[in-house]
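**Student:** Whatever this is, show me its structure:
(2 chains)
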There are 2 protein chains.
Amino acid sequence: MDAGESAVTCVDFWANGFGMRARIALRELGVAFEYVEEDLRVGVRSDLVRRMNPVHRSVPILIHRGRPVCGSLNILEYIDEVWSAPGETRRLLPGDPAGRADARFWADFVDHKVFPTQTRFLKSKGEEKDVAKEELVEQLKLLEEVLGDKGYFSGEEFGFLDIVLIPFSSMFRGYEQHGGFDLEVECPNLMRWVKRCKERESVGAVLPDETKMYQLHKEWYGIE
Amino acid sequence: MDAGESAVTCVDFWANGFGMRARIALRELGVAFEYVEEDLRVGVRSDLVRRMNPVHRSVPILIHRGRPVCGSLNILEYIDEVWSAPGETRRLLPGDPAGRADARFWADFVDHKVFPTQTRFLKSKGEEKDVAKEELVEQLKLLEEVLGDKGYFSGEEFGFLDIVLIPFSSMFRGYEQHGGFDLEVECPNLMRWVKRCKERESVGAVLPDETKMYQLHKEWYGIE
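**Tutor:** From the prediction side, this is the model:
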């Protein structure tokens, strides 16, 4: 196999919380990759993205041996299957089917409950914003309950669900500024988990500056 | 392990396309299970559903050894992991990571593109309905392209993506009646695949009568 065939490329935008997952996972498993930035602020997608993800034209895209894998959770499963050798303890998903099902259930919750609620909270005003804020805090509290007093979501090992959720934390300061609440008070355990995750090389290297993140979302959603 | 501990229960509604997936997969792998009907036409969910899936209160729910697994794709992954012995040829997902990633990509496409388009097509009227109809046919044609001239989506073996999509076929007659088009003409290969799937014991036993399905959706969506 030559270098071209085994090469790994990750196409993403620096502020894309979904794509951060792929980049954190690759770093966690020590997979060297080339990073290609796709500026989502530009309305037209690059030729690479249109060729590699013609159905959605979205990022992240993981390109391995010339083949694209699209969709952030799909990419995490792929990374885990390709680069976690069987029998090794360093896996992203838990080893037992019940633990894996739980992790996938909550990943789906993050994507299809937390993310839309975040968007609603940031985009709306007045009463709608208040309702969305309350829902968002409730959802984070539910995740805090799932975390419990464990170090990471599946126990003492940083893994799949941690990687799924941690990119959202780069918006937490933005949430607070936007909604006037204090997550340290609302979800103290979750905030301790955020700190713990951020101490990891993989997370620290990928998560963007929180002020820049909120600034970008303000521009995107027309927040004054 | 006593019978109670190893028992498998599937909570579902007869017309739930997502739940049909779980029931087909269990039958394919020869897993005996108790079926518990949850009538989704009733506004209030049963105690069982509220206890087993407090977050979404939705079905299907697979209960194994007293523990719930929720979300139809999550359930398929779980069934594959628990009841497909390693090394056996009878697996739901392909064996190679790239094939698995493809299957998961298109499953996500069915859930987050085809299903919402179907809903829009059935619920809307006039121009909006025409647009949704055109999109729905385009999406089915794209799936026909993925199928190609293979017997099943991943080759000659009925598997994950077949199970994900086949329940939708019980609405195909309804689509035609609702939109005045002919899927035999639009997607001939896909329609041959539907016939092939329906000859399987698992699919035949689970898929409901197409006229009853369309009738139910007419009531649900207020179609005259």
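
**Student:** where along chain A do the helices fall?
**Tutor:** With DSSP state H as the criterion, chain A has helices at A:3-6, A:17-28, A:47-52, A:72-83, A:97-109, A:115-123, A:126-147, A:160-165, A:172-179, A:183-186, A:188-198, A:201-206, A:210-221.

**Student:** okay, stretch A:208-220 in CSV with CA atoms only?
**Tutor:** Extracted in CSV, the C-alpha atoms of stretch A:208-220 (Å, rounded to 0.1, in the frame of the first residue of the first chain):
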residue,chain,number,x,y,z
PRO,A,208,-11.9,26.6,19.1
ASP,A,209,-11.9,29.8,21.1
GLU,A,210,-15.3,30.3,22.8
THR,A,211,-15.4,34.0,22.1
LYS,A,212,-14.8,33.4,18.4
MET,A,213,-17.4,30.7,18.3
TYR,A,214,-20.1,32.9,19.8
GLN,A,215,-19.1,35.8,17.5
LEU,A,216,-19.5,33.5,14.5
HIS,A,217,-22.9,32.3,15.6
LYS,A,218,-24.0,35.9,16.3
GLU,A,219,-23.1,36.7,12.7
TRP,A,220,-24.8,33.5,11.4
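
**Student:** which residues touch that stretch?
**Tutor:** Stretch A:208-220 has contacts (CB atoms under 8 Å, 6 or more residues apart in numbering or on different chains) with A:14-15, A:122, A:170-174, A:177-178, A:223-224. Yep, even glycine has a C-beta here, placed from its N, CA and C like the rest.

**Student:** rerun that using 7 Å as the cut-off
**Tutor:** Residues from elsewhere that reach stretch A:208-220 (CB atoms under 7 Å, 6 or more residues apart in numbering or on different chains): A:14-15, A:122, A:170-171, A:173-174, A:177.

**Student:** residues in contact with stretch A:118-136?
**Tutor:** A:117, A:171, A:175, A:178-179, A:217, A:221, A:223.

**Student:** Pull out the buried residues from it.
**Tutor:** Neighbour-count burial for stretch A:118-136 flags A:118, A:120-122, A:129, A:132-133, A:135-136 (criterion: 16 or more other CB atoms under 10 Å in any protein chain shown).

**Student:** Quick check: of these, which lies closest to chain B?
**Tutor:** Nearest to chain B among these, counting by CB to the nearest CB, is A:Glu135 at 12.8 Å.

**Student:** Identify the structural domains in chain A and state their residue ranges.
**Tutor:** What automatic domain parsing lists as the domains of chain A is A:3-83, A:97-221.

**Student:** Just send the ones you listed back as a markdown table, with distance to B:Ile75 and mean pLDDT too.
**Tutor:** Below are the domains of chain A laid out as a markdown table (distance: least, CB to CB, whole Å; pLDDT from 0 to 100):
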| stretch | distance to B:Ile75 | mean pLDDT |
| --- | --- | --- |
| domain A:3-83 | 16 | 95 |
| domain A:97-221 | 8 | 96 |
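
**Student:** Dump the ones you listed to TSV, plus distance to B:Thr9.
**Tutor:** Below are the domains of chain A laid out as TSV (distance: least, CB to CB, whole Å):
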stretch	distance to B:Thr9
domain A:3-83	27
domain A:97-221	15
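
**Student:** So which of the ones you listed is nearest B:Arg100?
**Tutor:** domain A:3-83 (6.7 Å; CB to CB).

**Student:** what distance separates the closest one from the centre of its chain?
**Tutor:** How far domain A:3-83 lies from its chain's middle: 13 Å, per CA atoms, centre = their mean, to the nearest Å.

**Student:** That one and chain B in contact?
**Tutor:** Yes. Using CB under 7 Å from any CB of the partner chain, domain A:3-83 reaches chain B at A:55, A:67, A:69-71, A:74, A:77-78, A:81-82.

**Student:** buried subset of these?
**Tutor:** Applying 16+ other CB under 10 Å to the residues of domain A:3-83 next to chain B flags A:69-71, A:74, A:77-78, A:81-82 as buried.

**Student:** just those residues now: which is nearest A:Gly159?
**Tutor:** A:Glu77 (12.4 Å).

**Student:** Can you get me a residue count around the nearest residue to that closest one once chain neighbours are set aside?
**Tutor:** Spatial nearest neighbour of A:Glu77, excluding adjacent residues (CB to CB, 6 or more residues apart in numbering or on different chains): B:Arg104 at 6.6 Å. For B:Arg104, the count of nearby residues is 24 (other CB atoms under 10 Å in any protein chain shown).

**Student:** for A:Ala205, same thing?
**Tutor:** 10.

**Student:** Most neighbours among the contacts of stretch A:118-136, please name it.
**Tutor:** A:Tyr175 (22 neighbours).

**Student:** one step back: can you list the residues of domain A:3-83 next to chain B in a markdown table and add distance to B:Val31?
**Tutor:** A markdown table is the format used below for those (distance: CB to CB, whole Å):
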| residue | distance to B:Val31 |
| --- | --- |
| A:Val55 | 33 |
| A:Arg67 | 33 |
| A:Val69 | 30 |
| A:Cys70 | 31 |
| A:Gly71 | 28 |
| A:Asn74 | 26 |
| A:Glu77 | 23 |
| A:Tyr78 | 27 |
| A:Glu81 | 24 |
| A:Val82 | 29 |
